[in-house]
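Peer 1: structure here, sequence nowhere to be found:
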């Protein structure tokens, strides 16, 4: 396995799922073996890849709550992505965590047997950085990708998430690098340009060179249940994710930028 | 993200332009600034005016980033004693004086000075209900003074009498007269989305889910 990336932010609607799904699509389009784990009880990544979990079919909730092997929950999704789907039941993990020893280590343990089957594991986290689900993702990941939309309050959310990362890294004795990706960027808007400058000033080399532009194609892709590379490989959004995939591949060979979030 | 990538995201389409620059072995904003526009135009598949405009944006961004860097650096705790510094007359911000702005007379000047409002900058920033109460200058008059101060700060300075006595041009008195369209200057074209973007690609209108 080359990289394990967790897509995180403290706020919702900043493009975490879109980034995870389409980056997975871009990496898979390059021939990489990609596993996407939907760790959000809202199951948006599962929906965005048009995977339905029927009664009795295992999901990530079964993996974490009942010890079902992760391999049993794997589903082939559009664009050559392997998906571990989520269901609403995943929300129960927060409650079950109180009765579990080291609940934040469940995902890392479940991933270990399949680690060699994939080049990249991408984990789509719920929209809170301080829950047990995100703790699981960070514990299992080498890189926490902070998804920052280029809109109002974006930096505040990102900085809150960074503070949580610091706490988690200290509590769990975890080692993960932090990288930042800008999303929902509209170059025509002065606010977005100013925010990008501010984000670059704050995060410098931790900010990916690629910024994901706002795109109607991304919404269409999610509605169609496929990554944007399948819907329209020539559109700007697909090019953005190709560029991001290149950076992620380069990341795999590079040393970690930071041991912890601080 | 370095300055070069930031520039490409701010003033071009991002990854494609950045890739072209990196292929041409441009490693930084400073290197880009030294590139002749003709060469840059050929690298970016753009026109020379577009390349020139892009270089101008690179210079502006370079200056902005350079200005931001020393400000964020920690200042030394022990500053040098003031007496040791050479005393040089500074040009300073424009000071308020009667007649500088329309409606700014000696009385208003004195009242503002008593509240430590001595410059155009201070007037433009502090004009508000509180200052109106403290000076006794009517709120609307104070706002008009602040507006005039901001104009004077932003635009080229001109005497108040000229500003007050200015008359509308003939075409301004005929609002429905068609004004002939001018061709956009090349610098504007360079700043448009046409730059380095393939034609006909649909632009986004809304957020993505």
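Peer 2: Nice, thanks for sending it over. On a predicted model such as this, the values are computed, not experimentally measured, just so you know.

Peer 1: would you tell me what helix or strand whatever residue of the stretch 51-200 of chain A ends up closest to chain B is located in?
Peer 2: As assessed by C-beta to the nearest C-beta, chain B sits closest to residue A:200 within the stretch 51-200 of chain A, at 4.9 Å. In short, each C-beta sits where N, CA and C put it, glycine included. Assigned by DSSP states H and E, residue A:200 belongs to helix A:190-203.

Peer 1: and that helix, what's buried?
Peer 2: A:192, A:193, A:195, A:196, A:197, A:199, A:200, A:203 (16 or more other C-beta atoms under 10 Å in any protein chain shown).

Peer 1: cool, stretch A:49-58 as well?
Peer 2: Counting neighbours by 16+ other C-beta under 10 Å, stretch A:49-58 gives A:49, A:51, A:53, A:58 as buried.

Peer 1: could you dump those to CSV with secondary structure, distance to chain B and pLDDT?
Peer 2: What follows is those, written out as CSV (DSSP: H, G, I helix; E, B strand; the rest coil; distance: C-beta to the nearest C-beta, whole Å; pLDDT from 0 to 100):
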residue, secondary structure, distance to chain B, pLDDT
A:49, coil, 13, 95
A:51, coil, 16, 94
A:53, coil, 20, 91
A:58, coil, 26, 94
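
Peer 1: residue ranges in chain B under the pLDDT threshold?
Peer 2: B:68-93, B:155-209 (pLDDT under 70).

Peer 1: which helix runs longest in it?
Peer 2: Longest helix in chain B, counting residues (DSSP state H): helix B:48-72.

Peer 1: name the helices or strands packed onto the very next helix or strand once past that helix?
Peer 2: Reading on from helix B:48-72 to the C-terminus, the next helix or strand found by DSSP H and E is helix B:106-114. Applying 3 or more C-beta pairs under 8 Å, 6 or more residues apart in numbering or on different chains; DSSP states H and E, one finds that helix B:106-114 contacts helix B:129-135.

Peer 1: okay, buried residues for the helix it packs on please.
Peer 2: B:131, B:132, B:135.

Peer 1: cool, stretch A:162-173 as well?
Peer 2: A:162, A:164, A:165, A:168, A:169, A:172.

Peer 1: check which helix or strand covers residue A:183.
Peer 2: Counting by DSSP H and E, residue A:183 is part of strand A:177-185.

Peer 1: angle of that strand against helix A:190-203?
Peer 2: Angle of strand A:177-185 versus helix A:190-203, following axes from the mean of the first three to the mean of the last three C-alpha atoms, to 10 degrees, is 170 degrees.

Peer 1: on that earlier part again, pLDDT (mean, whole number) over the helix holding residue A:200?
Peer 2: Helix A:190-203 carries an average pLDDT of 89.

Peer 1: tell me, how many residues neighbour residue A:153?
Peer 2: Residues lying near residue A:153 (other C-beta atoms under 10 Å in any protein chain shown) number 10.

Peer 1: likewise for residue A:65?
Peer 2: 17.

Peer 1: mind giving me the packing neighbours of the helix or strand where residue B:22 lies?
Peer 2: Taking DSSP H and E as the criterion, residue B:22 maps to helix B:15-23. Contacts defined by 3+ C-beta pairs under 8 Å, 6+ apart place helix B:15-23 against strand A:207-213, helix A:236-253, helix B:3-11, helix B:37-44.

Peer 1: mind checking what helix or strand follows that helix in sequence?
Peer 2: helix B:29-33.

Peer 1: so which residues make contact with that next one?
Peer 2: Residues from elsewhere that reach helix B:29-33 (C-beta atoms under 8 Å, 6 or more residues apart in numbering or on different chains): B:2-4, B:7, B:21, B:26, B:40, B:55, B:58-59, B:61-62, B:65.

Peer 1: can you check stretch A:239-257 too?
Peer 2: Contacts for stretch A:239-257 (C-beta under 8 Å, 6+ apart): A:2-3, A:5, A:19, A:22-23, A:25-27, A:29-30, A:32, A:119-120, A:142-143, A:175-179, A:181, A:205-206, A:208-213, A:215, A:227-229, B:14-16, B:18-19.

Peer 1: please pick the buried ones from those residues.
Peer 2: Applying 16+ other C-beta under 10 Å to the contacts of stretch A:239-257 flags A:2-3, A:5, A:19, A:22-23, A:25-27, A:29, A:32, A:119-120, A:142-143, A:176-179, A:181, A:206, A:208-213, A:215, A:227-229, B:14-16, B:18 as buried.

Peer 1: strand partners (parallel or antiparallel) of the strand holding residue A:183?
Peer 2: Strand A:177-185 sits in its sheet next to strand A:143-149 (parallel), strand A:207-213 (parallel), going by DSSP bridges.

Peer 1: the next helix-or-strand element following the first one near chain B at all?
Peer 2: The one in question is strand A:143-149. On the C-terminal side of strand A:143-149, the nearest following helix or strand under DSSP H and E is helix A:154-172. No: Helix A:154-172 stays clear of chain B (C-beta under 8 Å from any C-beta of the partner chain), getting no nearer than 12.6 Å.

Peer 1: mind giving me the packing neighbours of helix A:154-172?
Peer 2: helix A:132-140, strand A:143-149, strand A:177-185, helix A:190-203.

Peer 1: one more time with 6 Å
Peer 2: On a contact count with 3 or more C-beta pairs under 6 Å, 6 or more residues apart in numbering or on different chains; DSSP states H and E, helix A:154-172 meets helix A:132-140, strand A:143-149.

Peer 1: quick one, the helix holding residue A:200 and helix B:48-72 angle?
Peer 2: 50 degrees.

Peer 1: report all helices and strands that helix A:190-203 contacts.
Peer 2: Partner elements for helix A:190-203 (3+ C-beta pairs under 6 Å, 6+ apart): strand A:177-185.

Peer 1: what's in contact with the strand it packs on?
Peer 2: A:15, A:19, A:143-150, A:192, A:199, A:203, A:206-208, A:211-214, A:256-258, A:261, B:207 (C-beta atoms under 6 Å, 6 or more residues apart in numbering or on different chains).

Peer 1: could you redo the last one with a cut-off of 7 Å?
Peer 2: The contact list for strand A:177-185 (C-beta atoms under 7 Å, 6 or more residues apart in numbering or on different chains) reads A:14-15, A:19, A:142-151, A:158, A:165, A:192, A:196, A:199, A:203, A:206-208, A:211-214, A:244, A:256-258, A:261, B:207-208.
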